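S.K.: Everything below, folded, please.
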Amino acid sequence: MTAIDFIPFVERLATVSGEAIMPFFRTAFALEDKNVGGVFDPVTEADRAAETAMRRLIGQTFPSHGLIGEEFGSREAESEYVWVLDPIDGTKSFISGLPMWGTLIGLLHKGVPCYGMMNQPFTRERFFGDGRAAYWTGHNGGGEKTTRRLRVRPCLGLDRATIMTTSPKLIPEKLRPRYEALEEKTRLSRYGGDCYAYCMLAAGQIDLVVEAGLNVYDIVALIPIIEGAGGIVTSWDGGDPAQGGAVIAAGDKRVHEEALEMLREGSGTD
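M.R.: Residues are numbered from 1 along each chain as shown. This next block holds a predicted model:
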């Protein structure tokens, strides 16, 4: 099977996860802190309900496939095909009633990201790609569903770039000065995007996303979308971003090279 063969199934995963999540959004629901005593790391009933629904469907349809999920851990993670799930990427936005969150559904083939989708059931948008092409489906002003090819935009240099990160406070203290120096070189900075920032990069709306401390389920689904739109995503040392850690994504290789030069030294620690 190829990544294209899995597209209808990924659509089903997006639908069942959205059906599990939406009854909770902008309502009162139970909330826990997974990192008591440290940086606030919330998890909700919606996170668990969505991952449970996706894991059940994967198990029924592809019992030989592996799974890596944020809420319920890993199983058979050395399989040829492994699904990587983040039921709500951007939980802090979710619990604040803001729509800057999404469900990440990624697929690894022999350890390499081969397909990814970001589903936002509230705005009814889906961003997806296979590393060769990427697309957006949503609704235009008249409510009609439409599909559009995603393409990054050109940017001549950092001084013309828009940069996003979820929060500079989430970047480890020893790496933060490098991020702050980079941000100072850019034209505009915005915070709070989580997975949405990477999708806006793929859509040609921003130029650079820089984060650190990511987990594998935070990034795997986004890599085929960014690359399919013509963008570049690497670790801060220019290596493979699929294991998370310190990650940089850019729409233009000129901006990527400039930013990487500023971030590279000392980026092996996160």
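S.K.: these two touch, right, Arg132 and Gly228?
M.R.: Yes: when contacts are counted by C-beta atoms under 8 Å, Arg132 is listed as touching Gly228 (5.8 Å). Every C-beta, even on glycine, is put in place using the N, C-alpha and C of the backbone.
S.K.: the more surrounded of those two?
M.R.: Gly228 (24 against 10; other C-beta atoms under 10 Å).
S.K.: Phi, psi for the more buried one please.
M.R.: With angles defined as degrees, to the nearest 10, Gly228 sits at phi -70, psi -20.
S.K.: Output the below-cut-off pLDDT ranges for the stretch 151-270 of the chain.
M.R.: Along the stretch 151-270 of the chain, segments meeting pLDDT under 70 span 265-270.
S.K.: can you give me the strands in it?
M.R.: Taking DSSP state E, counting those that start in this stretch, the strands of the stretch 151-270 of the chain run over residues 162-165, 188-191, 208-214, 232-235, 245-250.
S.K.: With distance to Pro99 and mean neighbour count added, can I get those in TSV?
M.R.: Listed next are the strands of the stretch 151-270 of the chain as TSV, based on distance: least, C-beta to C-beta, whole Å; neighbours: other C-beta atoms under 10 Å:
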stretch	distance to Pro99	mean neighbour count
strand 162-165	16	24
strand 188-191	15	14
strand 208-214	18	24
strand 232-235	23	22
strand 245-250	21	26
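S.K.: List the contacts of the residue nearest to Gly244 when sequence neighbours are not counted.
M.R.: Ranked by C-beta to C-beta, 6 or more residues apart in numbering and with sequence neighbours excluded, the top spatial neighbour of Gly244 is Leu214, at 3.9 Å. By C-beta atoms under 8 Å, 6 or more residues apart in numbering, Leu214 lies in contact with Gly244, Gly245, Ala246, Val247.
S.K.: ranges for the strands of the stretch 1-150 of the chain?
M.R.: With strands called from DSSP E, counting those that start in this stretch, the stretch 1-150 of the chain shows them at 31-33, 42-44, 66-69, 73-75, 81-89, 102-109, 112-120, 125-129, 134-139, 145-149.
S.K.: Leaving out chain neighbours, which residue sits closest to Ala77?
M.R.: That would be Gly66: by C-beta to C-beta, 6+ apart, it lies 4.8 Å from Ala77.
S.K.: which residues touch the one you found?
M.R.: Ser74, Arg75, Glu76, Ala77, Glu78, Ser79, Tyr81, Val82, Trp83.
S.K.: Please name the bridge partners of it.
M.R.: Counting by DSSP bridges, Gly66 forms beta bridges with Val82.
S.K.: what's the pLDDT at Pro42?
M.R.: Here the pLDDT value assigned to Pro42 is 73.
S.K.: Apart from its neighbours in sequence, what residue is nearest it?
M.R.: Of all residues not flanking Pro42 in the chain, Thr91 sits nearest, at 5.0 Å (C-beta to C-beta, 6+ apart).
S.K.: In this structure that neighbour contacts Glu45, no?
M.R.: No: checked against C-beta under 8 Å, the pair Thr91 and Glu45 is beyond contact range at 11.4 Å.
S.K.: who has more neighbours, the two?
M.R.: Thr91 (22 against 15).
S.K.: Distance check, Lys92 against Ile68.
M.R.: Using C-beta to C-beta, to the nearest Å, one obtains 22 Å as the distance from Lys92 to Ile68.
S.K.: Please say which of those two ends up with more neighbours.
M.R.: Ile68 (21 against 17).
S.K.: Tell me which of the strands of the stretch 151-270 of the chain lies nearest to Arg55.
M.R.: strand 208-214 (21.4 Å; C-beta to C-beta).
S.K.: next one: the closest one to chain centre, how far?
M.R.: The chain centre lies 10 Å from the centre of strand 208-214; the measure is C-alpha atoms, centre = their mean, to the nearest Å.
S.K.: Next, the angle from it to strand 245-250.
M.R.: Between the axes of strand 208-214 and strand 245-250, defined by axes from the mean of the first three to the mean of the last three C-alpha atoms, to 10 degrees, the angle is 170 degrees.
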